[in-house]
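1. here are the coordinates; sequence isn't available:
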Ligand code: FES
Ligand code: FES
């Protein structure tokens, strides 16, 4: 089947098998390997991307379901001049990562959480990111990072 979508602002079109998962399409067909696969069972959130601004787990989404959509991956987050997005900057400044495996998914999930909420506090961030697992940080600095980014972004 032919699928066409916009990924990080660029139009892409490919022939895929109907069963192709969006995460495999992103990683293998588009060679955007910042989106990770941690579990393949919709548990860890490492594969989180945005479809039309909403965070989704791309390991449980078919590429054909994103046909015609506007998709953003971690590679699309930084500004065009290469400077980091405020969320990426906040993770860097607040030590919101260690090994970094969960980080692309955390950043993408945080983006939609911040966009969807006018006011975020610690509880709301913890609840909002409960679908994203981190085996390293103990979450404290991730929450700090998201709150710092939210205040920078006016949420
Ligand atoms: S790889 Fe998608 S939720 Fe874990
Ligand atoms: S920083 Fe290692 S899994 Fe989160």
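-> Done, it's in. Nothing here was measured: the structure is a model prediction, and the numbers come from that model. Numbering: from 1, shown residues only. Ligands and ions are numbered 1, 2, ... in the order given.
2. any chance you could list what contacts stretch 114-124?
-> With contact meaning Cβ atoms under 8 Å, 6 or more residues apart in numbering, stretch 114-124 is reached by 53, 87, 113, 128, 143, 146-147, 149-150, 153, 155. For every residue, glycine as well, the C-beta is placed using N, CA and C.
3. got it, and stretch 143-155?
-> Under the contact criterion Cβ under 8 Å, 6+ apart, stretch 143-155 has outside partners 86-87, 89-91, 93-96, 110, 113-115, 117-122, 125-126, 129.
4. wait, does that stretch contact ligand 2?
-> No: when contact is scored as Cβ under 6 Å from any ligand atom, no part of stretch 143-155 falls within range of ligand 2; the minimum is 11.2 Å.
5. ok, now stretch 90-109?
-> Yes: on the criterion Cβ under 6 Å from any ligand atom, stretch 90-109 is in touch with ligand 2 at 97-103.
6. tell me the mean pLDDT over that stretch?
-> Along stretch 90-109, the predicted confidence averages to a pLDDT of 98.
7. buried set for it?
-> Of the residues in stretch 90-109, those with enough neighbours to count as buried (16 or more other Cβ atoms under 10 Å) are 90-91, 94, 96-97, 101-109.
8. who's in contact with the most centrally placed residue in the chain?
-> Residue closest to the mean C-alpha point of the chain, counted by Cα atoms, centre = their mean, is residue 108 at 2.6 Å. Counting by Cβ under 8 Å, 6+ apart, residue 108 makes contact with 48-50, 55, 72-74, 77.
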